[in-house]
Structures are given as C-alpha cells and as structure tokens.
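Novice: A structural model of the following input is requested.
(2 chains)
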Amino acid sequence: AQSVTQLGSHVSVSEGALVLLRCNYSSSVPPYLFWYVQYPNQGLQLLLKYTSAATLVKGINGFEAEFKKSETSFHLTKPSAHMSDAAEYFCAVASGGYQKVTFGTGTKLQVIP
Amino acid sequence: DAMVIQNPRYQVTQFGKPVTLSCSQTLNHNVMYWYQQKSSQAPKLLFHYYDKDFNNEADTPDNFQSRRPNTSFCFLDIRSPGLGDAAMYLCATLLGGRTDTQYFGPGTRLTVL
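Specialist: Residues are numbered from 1 along each chain as shown, chains lettered A, B, ... in the order given. Below is the predicted model of the structure:
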C-alpha cells in the first residue's frame, strides 16, 4: 500500500518568508506524487505533480517541490509567502492503473502579515 | 467556465432521510470519483467509475451508493444518512491516465439534523 505523511498539521510563516511544507511517502513502486491546495469551502486544486520526469517540479502560484528518492520526500516550497497562500495543503500519492489517490492529513498554512 | 459542477453546494437533510448529491462535468472525462471529507481531515475515496464500470472502496459503507447514467453525470445517494455522514462531498474527474490531473468540483457540504 502507498501512503504519504505530512509533518505538521499547522504551519505559520510571516508574509515574505519561505514556505516549507513537508511530505514523506511510502511506496513499493515508483510513486506519482501530487500537491493540492484547498481554500475554505472549496474543492481541491492541483498545485503540481511528479510523474517520474524531472525531480524538481514547478507548479502554479510560485510553488515547487523536489522529489528525493533517498529521503522518500516530496516537500513543497515557495520562496516568499503571500497572504493569499493561506489555505490547506494536501500531499497525495497515486496508485492503481489509473489514479486512486491517497491523501495525506493536510497542513494548514497561516500567513502572518 | 466551471468544468466540474456540484449541486447543491449546501444540503441539509434529516437523520434517516435519503439524499442525493449531484455532479456533472463538461470535460468528457472517463473517470469520476466521489470523496468524503470530514472536518479537518483528508478526503477519503468512496468509489469511482471508469466509464460505466463501478469501483467501490472496501470500507465504503453500504449506505452509500452511486449512479452514473451517462458520461457527464454522476450521483451520490445516501440511503439513510446518519449524523456521522455530515461532511463535505467532493466529486472529481480524470481523463483516464495515471499521470493525468484530477479536476475537483467545489464540493457539497452535507448537514444532517
């Protein structure tokens, strides 16, 4: 079975500071990994995905993530936080012949002015 | 233009009264998913359709059923809602490949009185 673990259910950063949201995966096969963002009372929006091409993946809104096989990690980063980045972020791993996605427990990002 | 539409956005039902949630898509995707997301938790996959093939998750309660009459529409039926079924229900679609992107609807928030 594949799974992801998100470290830190809540993360607070100052506006303009680095954003780092941590995700570790467990997979018996090369994983396909995703980061989604969810704003209150809305659905999930894909930020970026890793599908075994480049290990550094760039996404929307200035986010990027690096796949590190040796560390089984797929951490999400953004150099400078904006107030609009305040949301919940989910790391996810896909399994099956077509996507059956297993989500992590989420990290709520708070951006302090 | 909205690509995955869920109606209604908010639904209130009574304990034990059947309720149906609706999802439609304009993407002509092959796969449609239903997720349940309880407060401050990760989305949990209930079932999905690949075209007309129905795939139920092993731990999805029998109280939850789904119908997909055509490519565009998918319904979630909760036969006898309990208080524990109060949640956000998310519909998502996928073209069909493992590396494709899932598109989520805005969700329906179900309240059970």
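Novice: Pick out the residue closest to the middle of chain B.
Specialist: Central residue of chain B (Cα atoms, centre = their mean): residue B:34, 3.0 Å from the mean position.
Novice: Tell me the pLDDT of the residue in chain B sticking out farthest from the centre.
Specialist: The centre of chain B is farthest from one residue, residue B:99, which by Cα atoms, centre = their mean lies 21.2 Å away. Model confidence at residue B:99, expressed as pLDDT, equals 72.
Novice: thinking it is in contact with residue A:50, fair?
Specialist: No: contact criterion Cβ atoms under 8 Å: residue B:99 and residue A:50 do not qualify, at 9.4 Å. Where C-beta positions appear, they are placed from N, C-alpha and C, glycine not excepted.
Novice: Grab the nearest non-local neighbour of residue B:39.
Specialist: Nearest residue to residue B:39, sequence neighbours excluded (Cβ to Cβ, 6 or more residues apart in numbering or on different chains): residue B:87, at 7.6 Å.
Novice: Please apply the same query to residue B:18.
Specialist: Nearest non-adjacent residue to residue B:18 (Cβ to Cβ, 6+ apart): residue B:79, at 5.5 Å.
Novice: Could you pull up phi and psi at the one you found?
Specialist: Backbone torsions for residue B:79, taken as degrees, to the nearest 10, come to phi -70, psi -40.
Novice: What separation is there between it and residue B:13?
Specialist: Distance of residue B:79 to residue B:13, given as Cβ to Cβ, to the nearest Å: 11 Å.
Novice: Who has more neighbours out of those two?
Specialist: residue B:13 (17 against 13; other Cβ atoms under 10 Å in any protein chain shown).
Novice: For the closest residue to residue A:86 other than its chain neighbours, give its distance to chain B.
Specialist: Counting by Cβ to Cβ, 6+ apart, residue A:86 lies nearest to residue A:111, which is 4.7 Å off, once chain neighbours are set aside. Noted for residue A:111: a distance of 19 Å to chain B, by Cβ to the nearest Cβ, to the nearest Å.
Novice: partners of residue A:111 in the sheet?
Specialist: residue A:13 (DSSP bridges).
Novice: since we're on residue B:24, how many residues are nearby?
Specialist: 20.
Novice: Can you list the strands that the lowest-mean-pLDDT helix or strand in chain A pairs with?
Specialist: Across the helices and strands of chain A, mean pLDDT, DSSP states H and E gives its lowest value to strand A:100-103, namely a mean of 86. Take DSSP bridges as the rule and strand A:100-103 pairs in its sheet with strand A:87-95 (antiparallel).
Novice: Briefly note if stretch A:47-63 comes near chain B.
Specialist: Yes: on the criterion Cβ under 8 Å from any Cβ of the partner chain, stretch A:47-63 is in touch with chain B at A:49, A:51.
Novice: Compute the first-to-last residue distance for that stretch.
Specialist: End-to-end distance for stretch A:47-63: 7 Å, by Cα to Cα, to the nearest Å.
Novice: Kindly report the same for stretch B:86-103.
Specialist: The separation between the terminal residues of stretch B:86-103, taken as Cα to Cα, is 23 Å.
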